[in-house]
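Q: just to be clear, the model below is a prediction. Sequence and coordinates:
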Amino acid sequence: HIQPRSRKLLCCLPRDPLTRIEETEGEARIGHGGWFAQNVMQGVAGGPSTYAVMTVYFVQGALGLAALARTYFLKDQLGLSPGEQAALMGVVSLPWVIKPVYGFLTDGLPVFGYRRKPYLILAGLLGSASWAFLATVVATPAQAVAASTVASLGVAMSDVVVDSLVVERARE
C-alpha cells in the first residue's frame, strides 16, 4: 500500500539562504535541512544504514577517477602495453563475476551476530588498504594486479552488502 505524497512548496527566505520555509496546506514550518530532506533524501529517513548506502555508491562513482589514474600508472610506471593492461583488467574484474557468492556468504554466515555490518567494514578495509598499497608499494605488474583485484573484491562485496540493505529497507 503506497501512501500518496502531500504537495509541498519549498522556497528560500530572503534574509537567510540556508533557512527554508515549508508550506503544507496552509501550515508553514521553518527549518534548516527541510529542503535537503525533501529534495535530496526524498523522504527517506536518515540513519547509519542510509548514510552507508550513500557513501558506498559515492565511492563507486569516484573510483572511476582512480581507475583512470591506475591506467596511466600501468602504462607510464610499469610500461604495460594496452593489450597487457586489458588482459590484467580482465583478471581484476573477476570479483564482480562471483558477486552472488558474497550475497550467500553475508546471508548465511553472520559474524558476531551481524549479517551486514562486519562484511561492509571488511570490504571497506580491503579496498582502502589495496588502493593505498597500489599507490605506495606496488612496483611490478603482478603486485598491481593483486592489489587491484583485492580492491575490486572490496568494492564488489560492499556493493552486494549495500544492495541487500536497500532491498531490506524497501521491504519495510
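A: Cool, the structure landed. Note that the structure is a prediction, hence the values are computed from the model and not measured. Residues are numbered from 1 along each chain as shown.
Q: relative to Lys75, how far out is the most centrally placed residue in the chain?
A: Averaging the C-alpha coordinates of the chain gives a centre point, and the residue nearest to it by CA atoms, centre = their mean is Val56 (1.5 Å). Val56 sits at a distance of 29 Å from Lys75 (criterion: CB to CB, to the nearest Å). All C-beta atoms are positioned from the backbone trio N, CA, C, and that covers glycine.
Q: kindly report the same for Val53.
A: Here Val53 is placed at a distance of 34 Å from Lys75 (CB to CB).
Q: one more: Glu168?
A: When distance is defined by CB to CB, Glu168 is 42 Å away from Lys75.
Q: check Lys99 too.
A: Counting by CB to CB, the separation of Lys99 from Lys75 is 29 Å.
Q: for Val59, same thing?
A: Distance, Val59 to Lys75, using CB to CB: 24 Å.
Q: more neighbours, these two?
A: Neighbours of Val59 and Lys75, each counted by other CB atoms under 10 Å, are more numerous for Val59; the result is 17 against 14.
Q: next, that one: secondary structure please.
A: helix (DSSP: H, G, I helix; E, B strand; the rest coil).
Q: distance from the helix ranked longest in the chain to the middle of the chain?
A: The helix of greatest length in the chain, counted in residues with DSSP state H as the criterion, is given as helix 141-171. Its chain's average C-alpha position is 9 Å from that of helix 141-171, according to CA atoms, centre = their mean, to the nearest Å.
Q: mind checking the pLDDT average for that helix?
A: Model confidence over helix 141-171, given as mean pLDDT, is 91.
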